[in-house]
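> the following block contains a protein sequence and its predicted model.
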Amino acid sequence: MSEPALAKWLRWLIYASALVPLIIFSQYMSPFHFGKVVVLRSIVQVMVALYLLLIWRDRSYLPKGHLIVWAFVAFTAAFTLTSITSIAPMQSFWGTLERMGGLFTFWHYLVFFMIAISVMRSSRDRQILLDLMIAAGAASAIYGFLQKTDWSFILGSGGRSRIFGTLGNPALFAGYQILVAFLALTLSFMRRTSKNWRIWYWGAGGLMLLAALSTAVRGSLIGIAVGALLWALLWSVLNRSKRAKIALLTGLSGLVAFVFLGIMFRNTSLVQHSSYLNRVTDFSSSTFTVKTRFWAWSAGLKGWSENPKTIALGWGPENFNVPFSKYFNPKFFTAPGAETFFDRAHNMFMEVLVTMGLVGTFSYIGIFVALFWTLAKMMRVSGDERAIAIGFTAMTVAYIIHNAFIFDTSANFLTFFMILAFVTHIAQRGLDDGKLQATNYKLQARKRWTGPQVTVAMVMGIVVVATVYATNVRPSLANYASTRAIVAGWQGDWVGAVNKYREAIDYDTPGRYEYRHRFAQYLLEVSGSPDIAKVPNFHEVMLQAISDVKNNVAENPQDYLPHLYLSRLYITLGKDSSKSLYNDLALQESARALEISPTFVRTYYEVAQAYINKGDLENAFIWFEKAQKLQPDVAVTYWYMGTVRYQIAAKSQDIAGTKEAVGYFSAALEKGYSLTEGDAQKLVNAFLQVGDMKSVVAVFQNLTVSFPAKSQYWSSLATAYVKIGRIQDAISAARKVIELSSGDAATQAEAEQFIRALGGTP
């Protein structure tokens, strides 16, 4: 009697999956997510073929029903249904390149879970898996701490204050560390755990909790604190432990003391000079990061409540960006480089509600209900099952709190579902192998392979290879080509960059949306080069990129972003002629973007720029003014308004218009606009025309701060000081000119003469 080799192979693949969170594809776009997903999908696709053959030969390996199993299946069914009814079904199916989510990947998690609960039959099987998960979590924590070094081979290094381990984002990393840390600490409380293993679990768990704390993610810290207190509470009540009660009271006192001291010393130099303490003691809801979360959730809720369909089924998985854009809060826009694109809600429950509606939300919550129900049953049993139930209940609560401020990605999903498989394993088989004998899982005599089985196995092998190549290898080739294009662009290799972008796009795999936009962005950057006339075939390549981005419009009709890219590409082509039809096409694309997202401030800039190209400065000013009314706190908007108004006034020599322009320029400076040297000359001319010498002084003061080594600005400042009667300041500025012009005798002599004329000494 022997166990089928297929089952053993499947277990080895499951063990290998535990190490997936450590995978980083450093030479790829989305290096911390892409590699994990394509490797896991490849593993699961192989597992599917092996598992189908296994259950054909031995039906005892079919999965057994359990509340957690049905809850997982229900959520996957909701995920599938809402993908079918999605506003953008292909986006829901494949997901985005950055997160690598979507229905196709999620199916792999369900299949993995089903196979795991079917072939992981003994306590030894599960223990190997758990130990590998903990080892991987500890290794990821160590990698995170190494990011505080300057070692170039550590991706993300450079003295980083907030580490992100092998997940690429502090919040995602904190969630992963919470799961594995609580797992390790739970195992340490089991009576059967030996002393040496207990030391390892405590060490690994402590290391991972320290890593989670080092991320300074406040939602995660709250989750850890609440989870730890709940653990102590349950242990003290269920096991009547005095130590647990003392730990609970100590923890509560420590938490209260931390909050009190955080409030009391919030404004002290100790806290203000520490980025970590400054962040974790910021309890204010008015912090910009906190406000952006509320704005995003508000936009999502407006989108969710739009109609009965969105209430029931949402907008479709991976499509949070659609309602976010439709109900965009202009306050997000703080400057042209501001983060104004949220593809996720940064709250897993809100994410599911908005993208999958009530159907998805109830089924998602159902997974936690099933888990808590199972753990509650385990708490009724004394001993190690109760220890596991208490630890995992605390872990789940901590994870839920963490997920109220972030979302799940591949490593977190995989780890959580492995833990679900472990709980299901215990619920179905118990902690000991003794219960295994009562489950009708019997080892059968080794069977010979029949002819049909061999034939099907060969066909399956071919299908698996083809599937892995089509869904994982080709996307990897396309991704790598895109990063080679980016590198070629950095190196000034125009031909190489274009060829590699074309290669990435022509693979026509999931991710092409991002590759097309990356290509367009590269061309827009090149268009600003002073040597653009020397770039071969630039116009033809631009038209090619426009065709590519139009495909993004066709595939994502409710997405404003491709329209903005098209508008900017057309503006670039139309800037050399006021009569160019490209400017009209740019206006058409901007208008479509505004239909989709009517409050997105950046689009108003695009419209204004198209009118500037057309020579219609009055309309350009109107659109900048609309942008200012939408979001009145953005300094650059006032600068744009001042620039256009100044140009209009210059044409008609309208002094009143110039004064109005000066008012906008002054408002821009008051709101923090940073002057360039070109801006400064324009501003000085405007101020001189209206006789505002004090503002001229302010401009040159700004320039001497920004460019302290340029003597010409100190010279101009000295002259301006004289005009407003600040003689001593003028002399000081002239002395600075002498200091900076040590190699220029003529400039020094002129400055000395200037000082003497004012009655000073050089």
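Done, it's in.
> quick check on the residue nearest the centre of the chain: phi, psi?
Nearest residue to the geometric centre of the chain (CA atoms, centre = their mean): residue 169, 7.1 Å. The phi/psi pair for residue 169 (degrees, to the nearest 10) reads phi -150, psi 130.
> state which helix of this protein is the longest.
helix 348-379 (DSSP state H).
> in that one, what counts as buried?
By neighbour count on 16 or more other CB atoms under 10 Å, the buried set for helix 348-379 is 348-357, 359-364, 366-368, 370-371, 374-375, 378-379. Backbone N, C-alpha and C define where each C-beta goes, glycine included.
> just how off-centre is it within its chain?
24 Å (CA atoms, centre = their mean, to the nearest Å).
> same for it, what does it pack against?
helix 67-84, helix 288-304, helix 308-313, helix 384-403, helix 410-429 (3 or more CB pairs under 8 Å, 6 or more residues apart in numbering; DSSP states H and E).
> low-confidence stretches in the stretch 351-500 of the chain?
Judged by pLDDT under 70, the stretch 351-500 of the chain has its weakly predicted residues at 433-446.
> and the helices in the stretch 151-300 of the chain?
Assigned by DSSP state H, counting those that start in this stretch, the stretch 151-300 of the chain shows helices spanning 170-188, 195-214, 218-238, 242-264, 269-272, 275-280, 288-304.
> what is the end-to-end distance of stretch 688-697?
Terminal residues of stretch 688-697 lie 11 Å apart, using CA to CA, to the nearest Å.
> just the residues contacting that stretch, thanks.
Stretch 688-697 is contacted by residues 655, 658-659, 662, 666, 683-684, 687, 717, 720-721, 723-724, 726 when judged by CB atoms under 8 Å, 6 or more residues apart in numbering.
> ok, so of these, who is nearest residue 579?
In terms of CB to CB, no member of the contacts of stretch 688-697 lies closer to residue 579 than residue 658, at 28.5 Å.
> wait, the closest one touches residue 687, no?
No: using CB atoms under 8 Å as the test, residue 658 is too far from residue 687 to be in contact (9.4 Å).
> give me the phi and psi for residue 576.
Main-chain torsions, residue 576, degrees, to the nearest 10: phi -90, psi -10.
> among the helices and strands packed on helix 348-379, which comes closest to residue 212?
Set against residue 212 and scored by CB to CB, these come closest in helix 384-403, at 9.0 Å.
> and residue 149, how many neighbours?
12 (other CB atoms under 10 Å).
> thought the residue nearest to the centre of the chain was touching residue 32?
Yes: Residue 169 is in contact with residue 32 according to CB under 8 Å; the separation is 7.4 Å.
> tell me what angle the longest helix of the chain forms with helix 410-429.
If you take axes from the mean of the first three to the mean of the last three CA atoms, to 10 degrees, helix 348-379 sits at 30 degrees to helix 410-429.
> how far off helix 170-188 does helix 348-379 point, in degrees?
Calculated by the same axes, to 10 degrees, helix 348-379 forms an angle of 0 degrees with helix 170-188.
> show me where the stretch 451-600 of the chain has its helices.
Shown for the stretch 451-600 of the chain, the helices assigned by DSSP H, counting those that start in this stretch span residues 451-468, 474-490, 494-506, 512-527, 538-555, 561-574, 581-596.
> distance to residue 426 and mean neighbour count added to those, as CSV?
Shown next, in CSV, are the helices of the stretch 451-600 of the chain (distance: least, CB to CB, whole Å; neighbours: other CB atoms under 10 Å):
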stretch, distance to residue 426, mean neighbour count
helix 451-468, 32, 13
helix 474-490, 37, 19
helix 494-506, 46, 20
helix 512-527, 42, 20
helix 538-555, 45, 17
helix 561-574, 47, 24
helix 581-596, 49, 20
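> possible to save those as TSV with distance to residue 188?
TSV is the format used below for these (distance: least, CB to CB, whole Å):
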stretch	distance to residue 188
helix 451-468	39
helix 474-490	39
helix 494-506	47
helix 512-527	43
helix 538-555	50
helix 561-574	48
helix 581-596	53
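> so where does the closest residue to residue 31 other than its chain neighbours fall, helix or strand?
Once flanking residues are discounted, residue 31 sits nearest to residue 25: 5.1 Å by CB to CB, 6 or more residues apart in numbering. Following DSSP states H and E, there is no helix or strand that holds residue 25.
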